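Q: based on what follows, work out the 3D shape:
(chains A, B and C)
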Amino acid sequence: MLVPNDDKFFELFEKQTVVLKKASSHLLNTFQTYEDVKNKCHKMKNYEHQGDEITHDIYQLLNKSFVTPIEPEDISRLAKALDDILDHIDDTSSKMYFYGITEVDNYMIELAKLIDGQTAEIEEAIKGIRNFKKPSTIEERCIEINRLENLADEILGNAIRELFLSNDAIKIIKNKDIYETLEIATDKCEEVANVLYDLSIKHS
Amino acid sequence: MLVPNDDKFFELFEKQTVVLKKASSHLLNTFQTYEDVKNKCHKMKNYEHQGDEITHDIYQLLNKSFVTPIEPEDISRLAKALDDILDHIDDTSSKMYFYGITEVDNYMIELAKLIDGQTAEIEEAIKGIRNFKKPSTIEERCIEINRLENLADEILGNAIRELFLSNDAIKIIKNKDIYETLEIATDKCEEVANVLYDLSIKHS
Amino acid sequence: MLVPNDDKFFELFEKQTVVLKKASSHLLNTFQTYEDVKNKCHKMKNYEHQGDEITHDIYQLLNKSFVTPIEPEDISRLAKALDDILDHIDDTSSKMYFYGITEVDNYMIELAKLIDGQTAEIEEAIKGIRNFKKPSTIEERCIEINRLENLADEILGNAIRELFLSNDAIKIIKNKDIYETLEIATDKCEEVANVLYDLSIKHS
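A: Numbering: from 1, shown residues only, chains lettered A, B, ... in the order given. Model (predicted):
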């Protein structure tokens, strides 16, 4: 309990981003080949459980560590933001099933691609916190994550605008919620980028 | 201002959980005997005001204390999470009235029962933070709170799935919001459990 | 990097509240003269970008400062809350356009007036953090901000109650979201008031 657990923290965060990347790829796959939705949601739920366990392990380690490689508040903020992304990816997947959505549109696919792009950047950026000597790599990836989030805002706007041109209230309820949940996932990726960016500045 | 205010903190948290338990019982009662809704909402609003005052007192005490029995961040996180539960219980109650909901279904009653079960566990668990010598009691109650939250997720899924089988858009809007607000209340109970669990590990 | 940046923090917060006040006035103006909505949204988006940049500058300065005039957690909480208000004002404006809302009602105007009143109080209150010798001014303004938030709750309740008397599901979806987004903006103003109030007590 008295020795630094630096490596363990980094390992857990890296493990978390691997699960996250798998989940976002699985969401994109679910959308691109929209069939067997119930089973695909079930598989997504497994990723979400894996993520929950890793998050739990990070907090457990944090509570037991006297010395941490980065500030406890930043560990906790990062763990929470990563967990939030996975939650919103899983929520989207569940809602597709529970809302009985029978058709995926291009806006949903575009948003899922952006999330998948963001989690790929996060997976790489997180490796940079082991060693802040090359902060520029982290910073470049953070800028890219933010760029993707801005694109998601635009897509959301267009998707919503088109949706309200229809007169199908139930479709509006369903799709509006799906679009918004996807867009929140991109916001949570941006929150991870913000934490990583702050960390790289603090340590530069 | 220079002496520890340990007992006052514990008293305020215990007082807060008593109000919380009353509010969750009142919600369950509102659902089980669904009549005179306006007055029942009014009574709920009183609980919410009592809770707000206690939350305010906790922050006031925190701002004035140089020494605290548990870390300031944990006091603040715990106070916020308790306040959030009460807010969502009160929100549900208000929405029943403002949305003009005329009928309570079994999903709502089941969710209200889970919340009432969680606040009962919270009321007991909070007593444990006066003395962490028996952390196992806190931990067992936290596990139970999380189990109830998982049940709430399942009930929400089933409720939403059934709701979307109807073609009544306005009913979908109303009930979806009620189910979701109830489910968020169970999440906030889980957040309280997480804080208490972390505290019990830190102090073990 | 080693000298205190006190003045810079205060300047940035004051700059942020000036932008915020402009944005809330612009929202009220958009509602009161509801025409040319697309351009008005575009102008609002500019305020939002200005606010984002200032928020970014505050965090950047925080990451580079060893000494801060108020505690880092409070700087970060205040910056986040101010940013959240602006986000919800901008969200409202975007949603008016994207949802294709053709008519503004009195509830919306009343809520926009309350937000505009709150941001005026915030703009004045924030000046008080340069010097806590007269905390009563801050506290009075915080009490007023909270009073306006309570009024917003009441207006929201009445607006929602009236809205659900209609049988127009699509109108319900649109207006409910607008009312709620406006009401969240008033909550975020209250959060700013809470931070300022806590600060004034800590420093009294």
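Q: going by C-alpha atoms from here, please, whenever you check contacts or count neighbours.
A: Noted.
Q: now do the residue nearest the centre of chain A against chain C, distance only.
A: In chain A, the centroid-proximal residue (C-alpha atoms, centre = their mean) is A:Ile85; its distance is 3.0 Å. Note on A:Ile85: its distance to chain C, by C-alpha to the nearest C-alpha, to the nearest Å, is 19 Å.
Q: quick one: list the elements packing against the host helix or strand of that residue.
A: Here A:Ile85 sits within helix A:72-98, counting by DSSP states H and E. Packing contacts for helix A:72-98, counted by 3 or more C-alpha pairs under 8 Å, 6 or more residues apart in numbering or on different chains; DSSP states H and E, involve helix A:6-32, helix A:37-64, helix A:169-202, helix B:135-163.
Q: ok now do the residue nearest to the centre of chain A, which residues does it touch?
A: Residues near A:Ile85 by C-alpha atoms under 8 Å, 6 or more residues apart in numbering or on different chains: A:Leu20, A:Ala185, A:Thr186, A:Lys188, A:Cys189.
Q: name the residues of chain A found near chain C, please.
A: By C-alpha under 8 Å from any C-alpha of the partner chain, the residues of chain A that approach chain C are A:Gly157, A:Asn158, A:Ile160, A:Arg161, A:Phe164, A:Asn167, A:Ala169, A:Ile173, A:Asp198, A:Ile201, A:Lys202.
Q: how about the residue of chain A at minimum distance from chain B, what does it touch?
A: Residue of chain A nearest chain B, by C-alpha to the nearest C-alpha: A:Phe98 (4.6 Å). Shown in contact with A:Phe98 (C-alpha under 8 Å, 6+ apart): B:Gly157, B:Asn158, B:Ile160, B:Arg161, B:Phe164.
Q: counting neighbours, what do you get for the closest residue to A:Ala193 other than its chain neighbours?
A: Spatially, and ignoring its direct neighbours in sequence, A:Ala193 is nearest to A:Cys142 (4.8 Å; C-alpha to C-alpha, 6 or more residues apart in numbering or on different chains). Here the count is done by other C-alpha atoms under 10 Å in any protein chain shown, and A:Cys142 has 25 residues near it.
Q: wait, what's in contact with A:Cys142?
A: A:Glu121, A:Ile122, A:Ala125, A:Glu190, A:Ala193, A:Asn194, A:Leu196, A:Tyr197.
Q: and of those residues, the nearest to A:Met44?
A: A:Ile122 (19.2 Å; C-alpha to C-alpha).
Q: from chain C, how far off is the closest one?
A: 20 Å.
Q: for that residue, which non-adjacent residue is spatially closest?
A: In space, A:Ile122 is closest to A:Thr17, 7.0 Å off (C-alpha to C-alpha, 6+ apart).
Q: how many residues are close by the closest residue to chain C within chain A?
A: Chain C sits closest to A:Arg161 of chain A, with a gap of 4.6 Å, by C-alpha to the nearest C-alpha. A:Arg161: 16 surrounding residues under other C-alpha under 10 Å.
Q: swap in A:Glu103?
A: Counted with other C-alpha under 10 Å, A:Glu103 comes out at 9.
Q: which of the three states applies to it?
A: Using DSSP: H, G, I helix; E, B strand; the rest coil, the structure places A:Glu103 in coil.
Q: got the residues of chain A near chain B?
A: A:Tyr59, A:Gln60, A:Asn63, A:Lys64, A:Phe98, A:Tyr99, A:Gly100, A:Ala169, A:Ile170, A:Ile173.
Q: with distance to A:Tyr47 added, can I get these in TSV?
A: Output for these, formatted as TSV (distance: C-alpha to C-alpha, whole Å):
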residue	distance to A:Tyr47
A:Tyr59	19
A:Gln60	20
A:Asn63	24
A:Lys64	26
A:Phe98	18
A:Tyr99	21
A:Gly100	22
A:Ala169	33
A:Ile170	30
A:Ile173	27
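Q: I'd like the distance between the residue nearest to the centre of chain A and C:Glu191.
A: Separation of A:Ile85 from C:Glu191 (C-alpha to C-alpha, to the nearest Å) stands at 25 Å.
Q: buried ones among the contacts of A:Phe98?
A: Burial by neighbour count, 16 or more other C-alpha atoms under 10 Å in any protein chain shown: within the contacts of A:Phe98 this picks out B:Gly157, B:Ile160, B:Arg161, B:Phe164.
Q: what about chain A: which of these touch it?
A: Counting by C-alpha under 8 Å from any C-alpha, B:Gly157, B:Ile160, B:Arg161, B:Phe164 from these sit close to chain A.
Q: dump the residue contacts of the first one.
A: Okay, so that is B:Gly157. If you count contacts by C-alpha under 8 Å, 6+ apart, then B:Gly157 has A:Phe98 around it.
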